[in-house]
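*Asks:* okay, here's the prediction I keep looking at, along with the sequence it came from:
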Amino acid sequence: MKRMKKMGAALLLAAGALLPGVSGHAQDATAAACTAGKGWDLACLRQIYAGPVSSWPRPQVPDGITPAELAPISSIPVPAVPPRVAALGQRLFNDPRLSRSNAVACISCHHPAHGFADDKRTSLGHEGRPGQRNTPGLLGVGQLRALFWDGRAASLEVQALGPLQHADEMAMELPALAAKLARLDNYRAQFDAAFGQSGGVTLARILGALAAYQRTLLPPATRFDAFLAGERTALDQRELLGLHLFRTKARCMTCHSGALLTDQQFHNLGLSFYGRSKYEDLGRYLVTGEAADVGKFRTPSLRGVAQSGPWMHNGLFPQMTGLLNLYNAGMSRPAPRNAEQAMDPRFPVTSPLLQRLQLTSDEIIALKSFLEVL
């Protein structure tokens with residue numbers, strides 16, 4: 001009997017190997033042959049992923065969800081940004097004199113070595129004031145349709161206005177910013193050279209330069225990109241298992257897909273702390289005013305995710321394993337604590353896309369290993 005089972009698995013494996021274009025239910029069945037009661041057959045799994053991406057097991061996602069296929073960073077178009085404008089934007093990004101105190105620059109919270117995010121739960125801004133939300137990373141930010149955790153800015157130019165003038169961040173008086181920079185060093189000449197005409201320093205040019213620089217911040221290619229490009233030894237056995245789990249049992253591609261590994265949508269993960277004085281954040285609702293948007297936040301890109309912790313909009317998760325354990329449990333599902341909350345139309349409901357995953361501890365480790373490659 002055992003020999004017959006092995007022969008059946010071998011036949012399924014051979015089908016996937018000989019027909020790399022096989023997809024759908026047949027390929028899913030082939031992948032199922034790679035696991036048994038004692039765990040995963042990693043050699044079998046590697047053979048499954050030896051073919052083109054189109055032949056890999058289908059992503060396991062809820063009905064109605066059609067994720068974009070995983071793709072390398074090279075598939076993202078290189079932004080057409082004038083080099084002089086981008087160089088000016090980089091200088092501005094690093095200059096703390098854009099703030100009222102001359103002590104806080106964009107780079108103060110968006111560290112290049114940390115995925116252009118921060119290593120603090122929330123960043124410290126003007127006069128050491130802590131922010132409410134975790135600083136999001138900027139890798140691939142030029143490809144996003146909506147910015148900030150709640151999506152309140154539709155462009156990088158508009159987004160820059162937020163931290164520049166926010167009292168807890170750079171606290172700069174915008175009407176005075178252009179005149180201030182025009183008096184410093186050779187800024188006036190550099191602005192005219194960057195934009196190709198006279199006009200000096202203006203707020204519109206400041207915002208345009210900052211946006212241009214950020215559009216150049218594409219994620220670096222990783223071993224995962226090499227794997228997608230056909231270098232099938234670029235991932236080790238544990239990372240490969242993590243990739244398979246990401247696509248299947250862990251259901252990660254429900255929200256994290258495409259080259260940037262984000263659906264660019266807004267979801268409620270049960271972390272709004274609704275009705276509590278500490279940590280409460282109504283998320284997307286603050287932008288739309290729609291009760292259904294309470295507690296929803298934008299899906300972040302997973303590119304560089306291992307370097308950008310602590311994680312989530314509130315930065316409450318300093319350990320990736322702890323966060324993955326929470327996903328494994330189906331995330332938080334707050335229930336009304338009293339009759340008033342039960343009748344409250346704004347009481348947030350955790351997304352039905354989430355469910356218990358039943359990942360083993362070894363599978364969580366494998367999933368974490370894969371995320372660390374991104």
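*Replies:* That came through fine. Numbering: from 1, shown residues only.
*Asks:* strands of the stretch 251-374 of the chain, start to end?
*Replies:* With strands called from DSSP state E, counting those that start in this stretch, the stretch 251-374 of the chain shows them at 266-268, 296-298.
*Asks:* wait, which of the ones you listed is closest to Leu359?
*Replies:* Nearest to Leu359, of all the strands of the stretch 251-374 of the chain, is strand 266-268, at 19.7 Å by CB to CB. In short, each C-beta sits where N, CA and C put it, glycine included.
*Asks:* sorry, back to before: tell me which of the strands of the stretch 251-374 of the chain sits most buried.
*Replies:* Scoring these by mean neighbour count under mean count of other CB atoms under 10 Å gives strand 296-298 as the most buried, with a mean of 24.
*Asks:* rounded mean pLDDT for it, please.
*Replies:* Per-region confidence: strand 296-298 scores 98 on mean pLDDT.
*Asks:* that strand - contacts with which helices or strands?
*Replies:* Applying 3 or more CB pairs under 8 Å, 6 or more residues apart in numbering; DSSP states H and E, one finds that strand 296-298 contacts strand 266-268.
*Asks:* strand partners (parallel or antiparallel) of the strand it packs on?
*Replies:* Here strand 266-268 has these sheet partners by DSSP bridges: strand 296-298 (antiparallel).
*Asks:* rewinding a little: any chance of the strands of the stretch 251-374 of the chain in TSV, plus distance to Asn314?
*Replies:* Below are these laid out as TSV (distance: least, CB to CB, whole Å):
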stretch	distance to Asn314
strand 266-268	13
strand 296-298	9
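*Asks:* which one of these lies nearest to Gly128?
*Replies:* Between those, strand 296-298 lies closest to Gly128; by CB to CB that is 25.7 Å.
*Asks:* which residues of the chain score low on pLDDT?
*Replies:* Along the chain, segments meeting pLDDT under 70 span 1-27, 29-30, 36-37.
*Asks:* could you rerun that using 80?
*Replies:* Residue ranges of the chain with pLDDT under 80: 1-33, 36-38.
*Asks:* domain parsing for it?
*Replies:* Taking automatic domain parsing as the criterion, the chain consists of the domains 1-58, 60-71+223-371, 83-215.
*Asks:* give the contact list for the spatially most central residue of the chain.
*Replies:* Geometric centre of the chain, nearest residue: Ser301, 1.8 Å, by CA atoms, centre = their mean. Contact analysis of Ser301 by CB atoms under 8 Å, 6 or more residues apart in numbering lists Gly137, Leu139, Gly140, Leu144, Pro219, Leu260, Leu261, Thr262.
*Asks:* the one helix or strand Leu245 maps to: how far from the chain's middle?
*Replies:* In the assignment (DSSP states H and E), Leu245 maps to helix 237-247. Here helix 237-247 is found 18 Å from its chain centre; the criterion is CA atoms, centre = their mean, to the nearest Å.
*Asks:* any chance of TSV for the domains of the chain, columns distance to Pro77?
*Replies:* Conversion of the domains of the chain to TSV gives the following (distance: least, CB to CB, whole Å):
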stretch	distance to Pro77
domain 1-58	19
domain 60-71+223-371	10
domain 83-215	9
